[in-house]
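Here you go, sequence then predicted model.
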Amino acid sequence: MIGIDELRNCVGKGLEATKKDGVELEVFASWNELVTMRLNYTSDIPSMGVQEPKSTQSFGVGVQAVFKDKGKVTIGFGSESNNLGPRAVREALRKARRYRFFDPDFRSLPSPAGTPTLSNYHDPAAMEAKDTDIVDLGWKALRGALTAFKEKGISKSIIVGGDVCVLKEKVAIKSTMGIDEFDESTILTATITTMVENESVKGTGWSTSTHLQGFDPEAAGREAAESAMRTIGGKRIPPGVYEVIFSRQPVTDLISHIIAPSLSLSFLNASNTPFLGKLGKKVCSSNLSIYDHGALPGQIASKRITCEGLPTGRTDLVSNGLLVGFLSNHYLGQKLSNPVATFEPRNGFRLHALGRDHNVQASISPTNIVVEGREEVPKEKLLSGIKEGVYIGRIWYTYPINGMAAGDFTSTVIADSFLIRDGEISTPLKPNTVRINSNINHIINNVHSVTKEKKATLVWAAEEAVIAPEIRVAGVRLDSIATS
């Protein structure tokens, strides 16, 4: 493991040795380790249970440089992996010089702005955890699922899959503009799926934490098994327009794949958002507010600083139905800010499959997205008054159709779902028989109520967490999927 002092030494000495070679220079160093326990248990076929424990590390340095070329300012980026010495910084700078280009919208590299509010928020125990201890987390998740099945007398036709992951991140950044920052974070996640094949049911469970002490993969496994068993005997429904309650996972899926990208300056800059030209205007139900907060204590997407060396914090996006902001990094914040609207650069991150990566430049990424209602209700009140509706617990393969700007999307209901009759949860909904075909503007403008209870929720491969409630929406179009 590489220590934070070594990363800070790398960027400090690297900047000192190369700063005469550019008008502005920024040196970023990172070290990441991702430990993954992939579950693959099948009751009827011999299997390993925890099938694929693996650890992947990456480290290196990236340099962003600003040059003067015959009166024009050009910018370039280069990186070098598996080396933190002066040679690595010089090589990254050489690549930046070689691939420099003129960008008329570029203003400057980031300058210091404020003081970070988070400190010492990572878990040293997770950072130093032995491989054997981490692998045991995978076995705990499997044990939780199998114990729940055993208690209900189910021992055949079981599949348990998913991942238990521990991500360790360390970064340091220093620039000629005065940035001199560092960060360390630990992220623990369990995403478990169980199936009872002969009943054609599926269930899911989650656990997230920044610390080993608060991490409970066994509970995630149990939750997944219990969820699958609750939906045994599911029924199909005819196509139509229904009153729908979206549970936390569907809310998170819609936020991650449709709403959050649409609230990013990246998509605004490309004119590829349904919210184009609507800043300051009503875009959804007045009972809905959304904000991003990268400095929430205890949340897995919280960071001390962005990968541009700037403090994280809260960015209000939608407030009581009004569009009030967009997610921004430094470059697009400078480009698109104007006398009427400014965009604080709280979301410039160099995220890749292995965490905060020296090989990529800072783009716009959400952190912890919080969804709130103006008048929040307990879950039982959410059901009140629904004569015939659908409780949707898990969706999959959510994507925009006709381009993000149109707002149209489609998604399949795959698990954890039920019919609602006379204000109560009733018959399970048969998995993979219903597809949502709707428009995100219709969904967010027809929010009836939002629960008080919220939980940090993830979707597969997402870089952000959503602090998600359950949401009741009127008039959602549900179509039947034909039987094969």
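Now that the structure is in, tell me what you want to look at.

I believe residue 405 is in a strand; please confirm or correct that.
No: per DSSP: H, G, I helix; E, B strand; the rest coil, residue 405 lies outside any strand segment and is helix.

For the residue of the chain positioned farthest from its centre, what are phi and psi?
Distance to the chain centre peaks in the chain at residue 70, reaching 42.9 Å (criterion: Cα atoms, centre = their mean). Backbone torsions for residue 70, taken as degrees, to the nearest 10, come to phi 50, psi 50.

do you know how far the closest residue to residue 290 other than its chain neighbours is from residue 326?
Once flanking residues are discounted, residue 290 sits nearest to residue 318: 4.3 Å by Cβ to Cβ, 6 or more residues apart in numbering. For glycine as for every other residue, the C-beta is placed from the backbone atoms N, C-alpha and C. For residue 318, the distance to residue 326 equals 11 Å [Cβ to Cβ, to the nearest Å].

tell me, what's touching these two both at once?
Residues touching both residue 318 and residue 326 (Cβ atoms under 8 Å, 6 or more residues apart in numbering) are residue 263.

Among these two, which residue is more densely surrounded?
residue 326 (27 against 23; other Cβ atoms under 10 Å).

What is the burial count for the nearest residue to that one once chain neighbours are set aside?
Ranked by Cβ to Cβ, 6+ apart and with sequence neighbours excluded, the top spatial neighbour of residue 326 is residue 265, at 4.9 Å. A count of neighbours around residue 265, defined by other Cβ under 10 Å, yields 23.

any idea how far residue 411 lies from residue 460?
Applying Cβ to Cβ, one obtains 14 Å for the distance of residue 411 from residue 460.

got the buried residues for the top helix by length along the chain?
If you go by DSSP state H, the chain has its longest helix at helix 131-151. Buried residues in helix 131-151, counted by 16 or more other Cβ atoms under 10 Å: 134, 136-146, 148-149.

got CSV for these, with pLDDT and distance to residue 203 too?
What follows is the buried residues of helix 131-151, written out as CSV (pLDDT from 0 to 100; distance: Cβ to Cβ, whole Å):
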residue, pLDDT, distance to residue 203
134, 93, 25
136, 97, 23
137, 98, 20
138, 97, 18
139, 98, 19
140, 98, 17
141, 98, 13
142, 98, 14
143, 98, 16
144, 99, 12
145, 99, 9
146, 98, 13
148, 99, 9
149, 98, 10
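
Return the member of these nearest to residue 168.
Checking the buried residues of helix 131-151 against residue 168 with Cβ to Cβ, the nearest one is residue 134 at 10.3 Å.

which non-adjacent residue is nearest the closest one?
That would be residue 35: by Cβ to Cβ, 6+ apart, it lies 4.9 Å from residue 134.

now residue 106
Closest to residue 106 by Cβ to Cβ, 6+ apart is residue 75, at 5.5 Å.

Tell me the confidence at that neighbour?
The model reports residue 75 with a pLDDT of 97.

give the contact list for it.
By Cβ under 8 Å, 6+ apart, the contact list for residue 75 reads 64-67, 100-101, 103, 106.

Using PyMOL, define a selection of the buried residues within these.
Applied in PyMOL, the following selects the buried portion of the contacts of residue 75 according to 16+ other Cβ under 10 Å:
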select buried, resi 64+65+66+67+100
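
Name the nearest of the contacts of residue 75 relative to residue 201.
Checking the contacts of residue 75 against residue 201 by Cβ to Cβ gives residue 64 as the nearest, at 50.3 Å.

which residues does that closest one bridge with?
residue 26, residue 77 (DSSP bridges).

go on, residue 473?
residue 244, residue 447.

of all the contacts of residue 75, which comes closest to residue 349?
Nearest member of the contacts of residue 75 to residue 349, counting by Cβ to Cβ, is residue 64, at 14.3 Å.

right, and that closest one touches residue 350 too?
No: the pair residue 64 / residue 350 is not scored as a contact, 10.4 Å apart, by Cβ atoms under 8 Å.

Give the residues shared as contacts by the two.
28, 361.

and stretch 64-75, how far apart are its ends?
Criterion Cα to Cα, to the nearest Å; first-to-last residue distance in stretch 64-75 is 7 Å.

how about the helix or strand where the residue nearest to residue 134 lies: buried residues?
In the assignment (DSSP states H and E), residue 35 maps to strand 24-42. Buried residues in strand 24-42, counted by 16+ other Cβ under 10 Å: 24-39, 41-42.

that older thread, just give me how far the helix or strand harbouring the residue nearest to residue 290 sits from the chain centre.
Assigned by DSSP H and E, residue 318 belongs to strand 314-319. Remark: strand 314-319 is offset 17 Å from the chain centroid, using Cα atoms, centre = their mean, to the nearest Å.

can you check stretch 332-347 too?
In this view, stretch 332-347 has its centroid 23 Å away from the chain centroid, taken as Cα atoms, centre = their mean.

quick one on the thing from earlier: what mean pLDDT does the strand holding residue 35 have?
What strand 24-42 shows for mean pLDDT is 97.

how about the CA coordinates for that strand, as PDB?
Taking Å, rounded to 0.1, in the frame of the first residue of the first chain, the C-alpha atoms of strand 24-42 are listed here in PDB:
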ATOM      1  CA  GLU A  24       0.000  26.700 -15.300                       C
ATOM      2  CA  LEU A  25       0.600  23.200 -14.100                       C
ATOM      3  CA  GLU A  26      -1.500  20.800 -12.000                       C
ATOM      4  CA  VAL A  27      -0.100  17.500 -10.800                       C
ATOM      5  CA  PHE A  28      -2.500  14.800  -9.500                       C
ATOM      6  CA  ALA A  29      -1.400  11.400  -8.000                       C
ATOM      7  CA  SER A  30      -3.700   8.600  -6.900                       C
ATOM      8  CA  TRP A  31      -3.500   5.100  -5.400                       C
ATOM      9  CA  ASN A  32      -6.600   2.800  -5.400                       C
ATOM     10  CA  GLU A  33      -7.400  -0.700  -4.400                       C
ATOM     11  CA  LEU A  34     -10.600  -2.500  -5.200                       C
ATOM     12  CA  VAL A  35     -11.200  -5.800  -3.400                       C
ATOM     13  CA  THR A  36     -14.200  -7.700  -4.800                       C
ATOM     14  CA  MET A  37     -15.900 -10.900  -3.600                       C
ATOM     15  CA  ARG A  38     -18.200 -12.100  -6.300                       C
ATOM     16  CA  LEU A  39     -20.900 -14.500  -5.100                       C
ATOM     17  CA  ASN A  40     -22.000 -17.400  -7.300                       C
ATOM     18  CA  TYR A  41     -23.900 -20.000  -5.300                       C
ATOM     19  CA  THR A  42     -26.200 -22.600  -7.000                       C
END
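
which strands and helices sit next to it?
helix 4-18, strand 49-50, strand 54-69, helix 86-98, helix 131-151, strand 158-175, strand 355-356 (3 or more Cβ pairs under 8 Å, 6 or more residues apart in numbering; DSSP states H and E).

Export these to a markdown table and append columns for distance to residue 341.
Output for the helices and strands packed on strand 24-42, formatted as a markdown table (distance: least, Cβ to Cβ, whole Å):
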| stretch | distance to residue 341 |
| --- | --- |
| helix 4-18 | 33 |
| strand 49-50 | 50 |
| strand 54-69 | 26 |
| helix 86-98 | 32 |
| helix 131-151 | 45 |
| strand 158-175 | 26 |
| strand 355-356 | 29 |
